[in-house]
Structure formats: structure tokens, C-alpha cells
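Student: here are the coordinates; sequence isn't available:
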């Protein structure tokens, strides 16, 4: 059977139809309608209908979104597509289509994609990290997403930065979540640029560091040190075989040269055998992971 995955973003929806081998059969993009929940639903159902018009064969349906799904009520929360918050989107789509629907956070979808046939393929345990506008994460074990009663597995970005001191890390950083010194405030592309100041973009800071600019180079070295401390806490608990990086900053090749050695002093081991890899599928990992969601336990009932 074919697999349809849909990635819901703040500005666009992307759909990809995969064959049983994971090859792309069809891909579509549409703008995300955010004026109301009803308008969003119409746009989403139209997107699915457009896919079905070209490929009428039966398909499973998985959806990734930038928010959390309350495990008790099924309602969406903390989603940056605000019209979805408070709604049971999975139930509403199932009622319209008459077929099971699987749904997960976009970072989980990213992780699942890379664990199934991406950079983490063949690994027992994969930790997926997105370092972009935010700093999300997900955990896959034996190509299955790890989830728990709070629906926050892998959300390392809202742990406090390990070993924070003002002397090393600068003044305390408030986070939009209401806490202070969250990892996301230091490691996300947004936080990386904001802490540097001068309204510089992350790409420009990295370029300046690579050209030997002293201030940019110091900022980069702190970023690597903070990144190493943050990943070390994950490695000490989870000990993943592979950590896969996605998001804008993951495209900086210097990360993969600097980060592995920087992790070693912070873990409970003399060496670190965890591999740090860029995502194989890049920006497409999220939508591909949504398509793979029906592989999960309970798939026959669409319970994700």
C-alpha cells in the first residue's frame, strides 16, 4: 500500500506519497490557510483530494505538525499554526475521510524518517535534533518512536543548559516557555543570532567565524561547547548509536568536525562512539517521517 505523509508548517503544507520501498511517487505543496480552523480543514482535505485524483490507489495517512497532541483529549496544543490549538484534528480528518489517521510532532516525524531509511538507518537508537528556529528533538528505538504519558519525549530544547554559569555562558536567557536558560535559547538558530547581537543572521556569523573574525570565532566556540554539554546529557541517559541533526544550522559542515571531540569531556566514558550525522533527507525528512507513522504499534487502529 502507498503511504501519504503531510507536513503542516506555519506557512505551507507539504504532501508526499511514498511507495512501499520509500520512493517518492508524488509531491505537492500548498500554502497553509490560517484564518480559521474551517478554512484550514478545507485546504487540507483539498490537498488530500488532489493527491488522490492523481494516485487513486489506497494509501495510509500520517500527519506531522509543529505542536503537541494531548494524549488524553487528542487536542492539539502549543502549535504555531494557532487555529489548530484546542482541536482534535485527527478525529476530524478521520470523520471526513472514513479512514485511520496517524499524527505526531514534526520533530518526531523527522526522527522517524532518519531512523527508518535516513542517516540513522540500521541503528538501534536514534536521537533526532532540529536546530532551526527552535530546538526540537525525538527518539526512535528499533525504528519506533518513543513516547510517554506527557507527549514530550525528546524535547531536550527545554531542558536547562547543563553547567550554565554567567562567566562562561553570559547573562541568563529567558525563554518563551516561561523558563530561563533553556537549551533552545542558546542553540537554536534564533538564539545563536540573538545572543551575538548586531541583528546578524546565523549564516553571516558562521561565515565570519570561518574567516577568522575573533568575535564571531569566540561565539562559534561557545556554541560548540554549549552544544556538546547539551548532547552529553542525552548521551549519558540514552546512549544513542546515532544523533541526526536537521534544521538550518545542521547545514554548517564545521559542526561535524568540531562537535564530536567537544562532547567527550562531558560524558561518562573515555571515548564517544555515538555518531553525529546530518539528515539524509534534509528538509524532506519531516514529511517522509509522517508517511512512515503507520509503521508504529497500534497502526491498525490509527492510534498514534
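Tutor: Arrived safely, thanks for sending. Quantities reported herein were computed from a predicted structural model and do not represent experimental measurements.
Student: Quick one: low-confidence residue ranges for the stretch 201-304 of the chain.
Tutor: 296-304 (pLDDT under 70).
Student: if we go to 50?
Tutor: Low-confidence segments of the stretch 201-304 of the chain, defined by pLDDT under 50: 298-304.
Student: So which residues of it form strands?
Tutor: Listed in chain order, the strands of the stretch 201-304 of the chain (DSSP state E, counting those that start in this stretch) span 242-246, 275-278.
Student: Residue 42 contacts residue 33, doesn't it?
Tutor: Yes: applying Cβ atoms under 8 Å, one finds residue 42 in contact with residue 33, separated by 7.3 Å. The way it works is simple: take the backbone N, C-alpha and C, and place the C-beta from them, glycine included.
Student: Between the two, which has more neighbouring residues?
Tutor: Using other Cβ atoms under 10 Å, the more surrounded residue of residue 42 and residue 33 is residue 33, with 18 against 12.
Student: for that one, phi and psi?
Tutor: phi -80, psi 120 (degrees, to the nearest 10).
Student: Need the residues that contact stretch 185-194.
Tutor: Stretch 185-194 is contacted from outside by 131-135, 157, 161, 169, 173-175, 184, 195, 200-202, 205, 219, 223, 226-227, 230, 247-249, using Cβ atoms under 8 Å, 6 or more residues apart in numbering.
Student: I meant stretch 41-55, not that one.
Tutor: 2, 4, 6, 8, 13, 15, 17, 25-26, 28, 30-33, 59, 61, 92-93, 96-97.
Student: Just those residues: which are in strands?
Tutor: Assigned to strands by DSSP state E, the following of the contacts of stretch 41-55 qualify: 2, 4, 6, 8, 13, 15, 17, 25-26, 28, 30-31, 59, 61.
Student: For those residues, which two are the farthest from each other?
Tutor: 2 and 31 (24.6 Å; Cβ to Cβ).
Student: more neighbours, the two?
Tutor: Taking neighbours as other Cβ under 10 Å, residue 2 and residue 31 compare with residue 2 leading, 16 against 10.
Student: What residues does the more buried one make contact with?
Tutor: The contact partners of residue 2, taken as Cβ under 8 Å, 6+ apart, are 17, 18, 19, 20, 25, 55, 57, 58, 59, 60.
Student: What mean pLDDT does stretch 77-94 get?
Tutor: Average pLDDT, stretch 77-94: 93.
Student: And for it, what's in contact with it?
Tutor: The contact list for stretch 77-94 (Cβ under 8 Å, 6+ apart) reads 8-10, 32, 34-37, 39-41, 44-45, 61, 63, 65-70, 73-76, 100-103, 302.
Student: Any idea how far apart the tips of it sit?
Tutor: Terminal residues of stretch 77-94 lie 19 Å apart, using Cα to Cα, to the nearest Å.
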